[in-house]
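> pasting the sequence and the predicted coordinates here, then a few questions.
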Amino acid sequence: MNWPPVAICVHQPIDFDHRASDQDGDSLVYRLCTPLNGPDSLNAVPDPPSPPPYPELEWINPPYSLANILGGQPLTIDPATGFMTGVPNTVGNFVVGVCVDEYRGGTYLSTTRRDFQYNVADCGQPAASFFIPQTVCDTLTVRFANQSRFSTFFRWYFDWPEQLNQTSVDFSPVLTYPDTGTYQIALVAEPNTVCADTFIFSLNLTLTEGFLTASADPEEITRGESSQLTAQWENAVLYTWAPPLFLDSSTGPGTLASPLETTTYTVTATLANGCSRQTSVEVRVLPPVCGPPFVFLPTAFSPNGDGENDVLKLESNITVEVYWAVYNRWGEKVFEADSLDDYWDGYYKGDEQPTETYGYYLRARCADGQEMFRKGNITLLR
């Protein structure tokens, strides 16, 4: 199997034989597949490389998807021969994935994939190109982004070929259509010359119905708890939540959020025609209470050497300052500590203390400035 060319020309056909062979004579079926994503936006070239498994890339949709990887005439591959064709219409760098599924006697065996990059470049001739979403939702005003190359003069036709008087010579015009519907847009670069190039694209103007709603239940949690996020828009086929951190899943109409601090989650709901809406919901994370269970002192311990509950120790991960002391029945202080690392082993002045109930005093200051004061009893068991 040969590697496809790295550089190709915009508006020029791609014809590449991607066929492979199998030494066992198994059947091979070719298909385009979504490339895998090893690095991320913060570390484009991880060293050492990140270990598998790798997630699939997320398409910038519209206009790109697995059905239209490069724009223009969509890239396709013959499932039987592996011959790949297409005509790109946009200059840029594009990642393409090709998968080959292996079958023996009609039974699927494995998949071999290849991810590679096409660098679509201008090859010096006038090339008409523009960008608009294939579907524009809930507005009749459209902004056309001219992406033509090696061209100075242009002629736009906004309802080709029905209304040839709806035209403009602006570089990137803005037009308000009279109604929803499907329109053919034609852009001629260097019109009325032998080098003229024409690009035609279909635009669908549509209005959506209903409302996107989102809720959090409960709206307030403490750190370590979770809130159920729910979104609903009739006929939506895809829901995406952001930011994805501390979510059970970033897709779907519902997900469980467990943020460590107050977070606003934005959900994007998308219809089958590509129209989408966004709304947000906030999950407020209350600071932990400066007290039980976040500041915990057991009420009993048994320093008998069995390895279980042999010491009395204050436990917390939210305190910045602590002091606690233990007193016997006569009010004599038998232990005190000002660190979470300290503990009482049941001895005082080298003597083992008897089984009985002791009093304690506890003072703590937490990271958010809260303070707690507590008195109580502790039982020493042997």
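Sure, I can see it.
> point to the residue nearest the middle of the protein.
Taking C-alpha atoms, centre = their mean, the centroid of the chain lies closest to Pro244, which sits 5.3 Å from it.
> that one: what secondary structure?
coil (DSSP: H, G, I helix; E, B strand; the rest coil).
> just the pLDDT for Met1.
Met1 is assigned a predicted lDDT (pLDDT) of 60.
> and if you look at Gly307?
88.
> could you do the one 5 residues further on as well?
The model reports Leu312 with a pLDDT of 96.
> from here on, call the first residue 3.
Understood, numbering begins at 3; the last thing we discussed is Leu314.
> returning to that earlier point: tell me the contacts of the residue nearest to the centre of the chain?
Going by C-beta atoms under 8 Å, 6 or more residues apart in numbering, Pro246 touches Ser252. In this view, the C-beta of every residue, glycine as well, is placed from N, C-alpha and C.
> for it, what are phi and psi?
Torsion angles at Pro246 (phi, psi; degrees, to the nearest 10) stand at phi -80, psi -10.
> now it: how far from Leu231?
12 Å (C-beta to C-beta, to the nearest Å).
> for Asn167, same thing?
Taken as C-beta to C-beta, the span from Asn167 to Leu231 is 51 Å.
> and the two? Which one has more around it.
Using other C-beta atoms under 10 Å, the more surrounded residue of Asn167 and Leu231 is Leu231, with 24 against 7.
> ok, back up a step: the residue nearest to the centre of the chain and Gly254, how far apart?
Pro246 sits at a distance of 12 Å from Gly254 (criterion: C-beta to C-beta).
> what's stretch 357-367 in contact with?
Contacts for stretch 357-367 (C-beta under 8 Å, 6+ apart): 292, 297, 299, 316, 318, 321-331, 333, 336, 373-384.
> pull the contacting residues for Val97.
Applying C-beta under 8 Å, 6+ apart, we find Val97 in contact with 37, 59, 117-120.
> if we use 10 Å, what do you get?
36-39, 59, 71, 117-120 (C-beta atoms under 10 Å, 6 or more residues apart in numbering).
> with Asp340 instead?
For Asp340, the contact set (C-beta under 10 Å, 6+ apart) comprises 323-327, 365.
> identify those among these that sit within strands.
Counting by DSSP state E, those place 323-327, 365 in strands.
> could you dump those residues to TSV with neighbour count?
Formatted as TSV, these follow (neighbours: other C-beta atoms under 10 Å):
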residue	neighbour count
Glu323	12
Val324	20
Tyr325	14
Trp326	19
Ala327	16
Arg365	14
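> redo those residues as a markdown table? Include distance to Ala188 and pLDDT.
What follows is the ones in strands among the contacts of Asp340, written out as a markdown table (distance: C-beta to C-beta, whole Å; pLDDT from 0 to 100):
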| residue | distance to Ala188 | pLDDT |
| --- | --- | --- |
| Glu323 | 74 | 96 |
| Val324 | 76 | 96 |
| Tyr325 | 81 | 97 |
| Trp326 | 81 | 97 |
| Ala327 | 86 | 97 |
| Arg365 | 79 | 96 |
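> quick check: domain ranges of this protein?
Recorded structural domains for the chain (assignment: automatic domain parsing) are 9-123, 132-208, 215-288, 297-382.
> just to check, Val89 is in contact with Asn70?
No - between Val89 and Asn70 there is no contact under C-beta atoms under 10 Å: 11.4 Å.
> now the common contact residues for the two.
With C-beta under 10 Å, 6+ apart, Val89 and Asn70 have common neighbours 76-77.
> would you mark the buried spots in stretch 272-282?
For stretch 272-282, a neighbour-count test (16 or more other C-beta atoms under 10 Å) marks 272-273, 276-279, 281 as buried.
> please read the previous query as pertaining to stretch 193-204.
Along stretch 193-204, these residues count as buried under the neighbour rule (16+ other C-beta under 10 Å): 193, 199, 201, 203.
> do stretch 19-29 as well
Neighbour counts over stretch 19-29 (16+ other C-beta under 10 Å) mark 20-21 as buried.
> same question for stretch 246-253.
Under 16+ other C-beta under 10 Å, the buried positions of stretch 246-253 are 248-249.
> average model confidence for that stretch?
Stretch 246-253 shows a mean pLDDT of 94.
> which stretches in the stretch 203-352 of the chain count as helices?
Counting by DSSP state H, counting those that start in this stretch, the stretch 203-352 of the chain has no helices to list.
> let me see the contact set for the closest residue to Pro305 other than its chain neighbours.
What sits nearest to Pro305 in space, not counting adjacent residues and going by C-beta to C-beta, 6 or more residues apart in numbering, is Gly348, at 3.5 Å. Each residue near Gly348 by C-beta under 10 Å, 6+ apart is listed here: 303-306, 312-314, 328, 336-337, 354-357, 360, 382-384.
> ok, now with 7 Å
By C-beta atoms under 7 Å, 6 or more residues apart in numbering, the contact list for Gly348 reads 305, 354-355, 382.
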